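S.K.: no FASTA, just this:
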């Protein structure tokens, strides 16, 4: 379930003389690519094939990693080839996030109390930090989590949980749903996706229909203004079609990202998205008039580049100034009435 607040856009976009673009750098939407079940058994060459496609479109993916897939004997920290590859991918702008501990059983956290969940989540996070680097996000194995999971994640300093939703909703704070039972204890952002947006088992026969469905579901999010989360498992992308002998899943990913690029869509990692979302939903944006000058004021603890204003000025206003935290960051005289300002 999602709180009612998640069904409405929390960003105040429309002001009298300008609109605030919901996404950075004038982008029209957001699309995130996530890959589950990366582990000690993952082939680095497979990850590099996916990276080559992502780089073509300026997309950053989030790799959800299982620290000890199936048990301690498969600890990812013991496979230098995989951890080295993941560190290099992070250096290129991708992200490593936590996906349970052993993923055994598939719904690993089901039936565990808060302390038992905390033990697995903490151990998994520490292994990834020590072998790869910082970890900011979590996705529960088979999407099974509960309120205890949310509390543990907040206590352990995770910035987001990548869960599932039955509804087309905006990111939200779980505490908005559970308050007053938990108050501010669950201080974390939930970034939901639709389980039907799973890219897998693409064949030469299903390719066209699979691409059409994926684009249609993307358009449903894009038209409403919610981010689109495409998730998959790397082995599913690497399946070889029996007729064409090609990786049809990889080809479909390539085609879809090309389609998203044509729509002027931002394709960040999840942590990049979450930090932008926190900024754009919490920033206080106001304005006032001084003679023929529009003065826009932005107040925010964390300021991220890319904030975009689309002007709609009447003829008698032709000068614009923008202040961020009381510091002048932009000023222009005789500006076009429909100009776009990107900070």
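M.R.: Received it, and whenever you're ready, just let me know what you need. Computed from a prediction, not measured in an experiment: that's the story for all the values here.
S.K.: any idea how far residue 191 is from the residue positioned nearest the centre of the chain?
M.R.: With distances taken as C-alpha atoms, centre = their mean, the chain has residue 270 as the residue nearest its mean C-alpha position (2.7 Å). Between residue 270 and residue 191 the computed distance is 6 Å (C-beta to C-beta, to the nearest Å). (Each C-beta comes from the backbone N, C-alpha and C, glycine too.)
S.K.: Assess the claim that residue 11 and residue 279 are in contact.
M.R.: No: look at residue 11 against residue 279 with C-beta atoms under 8 Å: they stay out of range, at 10.4 Å.
S.K.: Could you point out the helix or strand that follows the longest strand along the chain?
M.R.: Of all the segments assigned as strand in the chain under DSSP state E, the longest by residue count is strand 29-38. Of the helices and strands lying after strand 29-38 in sequence (DSSP states H and E), the nearest is helix 44-56.
S.K.: Show me which residues of that following helix are buried.
M.R.: Going by neighbour count (16 or more other C-beta atoms under 10 Å), the buried part of helix 44-56 is 44, 46, 47, 49, 50, 51, 53, 54.
S.K.: Ok, stretch 100-118 next?
M.R.: When neighbours are counted by 16+ other C-beta under 10 Å, the buried residues of stretch 100-118 are found to be 100, 101, 102, 103, 108, 109, 117, 118.
S.K.: And for stretch 142-154?
M.R.: Applying a neighbour-count criterion of 16+ other C-beta under 10 Å, one finds 142, 143, 144, 145, 148, 149, 150, 151, 152, 153, 154 buried in stretch 142-154.
S.K.: Residue 78: which of these is nearest?
M.R.: Minimum separation from residue 78 among the buried residues of stretch 142-154 (C-beta to C-beta) is found for residue 142, which lies at 24.8 Å.
S.K.: can you pull the contacts of that closest one?
M.R.: With contacts taken as C-beta atoms under 8 Å, 6 or more residues apart in numbering, residue 142 has the following neighbours: 106, 107, 108.
S.K.: dump the residue contacts of the second one.
M.R.: Counting by C-beta under 8 Å, 6+ apart, residue 107 touches 141, 142, 144.
S.K.: tell me the phi and psi of the closest residue to residue 113 other than its chain neighbours?
M.R.: Across the structure, with C-beta to C-beta, 6 or more residues apart in numbering as the measure, the residue nearest residue 113 apart from its sequence neighbours is residue 148 (6.8 Å). Recorded main-chain torsions at residue 148 are phi -60, psi -40, according to degrees, to the nearest 10.
S.K.: try the one 3 residues further on
M.R.: Backbone torsions of residue 151, given as degrees, to the nearest 10, read phi -60, psi -40.
S.K.: again, but for residue 137
M.R.: Backbone geometry at residue 137, expressed as degrees, to the nearest 10, gives phi -130, psi 170.
S.K.: I'd guessed it sits against residue 274; true?
M.R.: Yes: between residue 137 and residue 274 there is a contact under C-beta under 8 Å: 7.4 Å.
S.K.: burial count for residue 202?
M.R.: For residue 202, the tally of surrounding residues (other C-beta atoms under 10 Å) stands at 24.
S.K.: what sits against it?
M.R.: With C-beta under 8 Å, 6+ apart as the criterion, the residues that contact residue 202 are 210, 236, 239, 248, 249, 251, 252.
S.K.: Same list (the residues you listed) but as TSV, adding neighbour count and pLDDT.
M.R.: Converted to TSV, those look like this (neighbours: other C-beta atoms under 10 Å; pLDDT from 0 to 100):
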residue	neighbour count	pLDDT
210	20	94
236	17	90
239	16	93
248	21	95
249	26	95
251	18	96
252	20	96
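S.K.: got CSV for those residues, with distance to residue 172 too?
M.R.: Converted to CSV, the contacts of residue 202 look like this (distance: C-beta to C-beta, whole Å):
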residue, distance to residue 172
210, 29
236, 29
239, 35
248, 35
249, 31
251, 35
252, 30
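S.K.: any idea which of those residues is the one closest to residue 319?
M.R.: Looking at the contacts of residue 202 and their distance to residue 319, the nearest is residue 252, at 49.3 Å (C-beta to C-beta).
S.K.: picking up where we left off before, closest one to residue 66 out of the buried residues of stretch 100-118, please.
M.R.: Compare each of those with residue 66 using C-beta to C-beta and the shortest gap goes to residue 103, at 4.8 Å.
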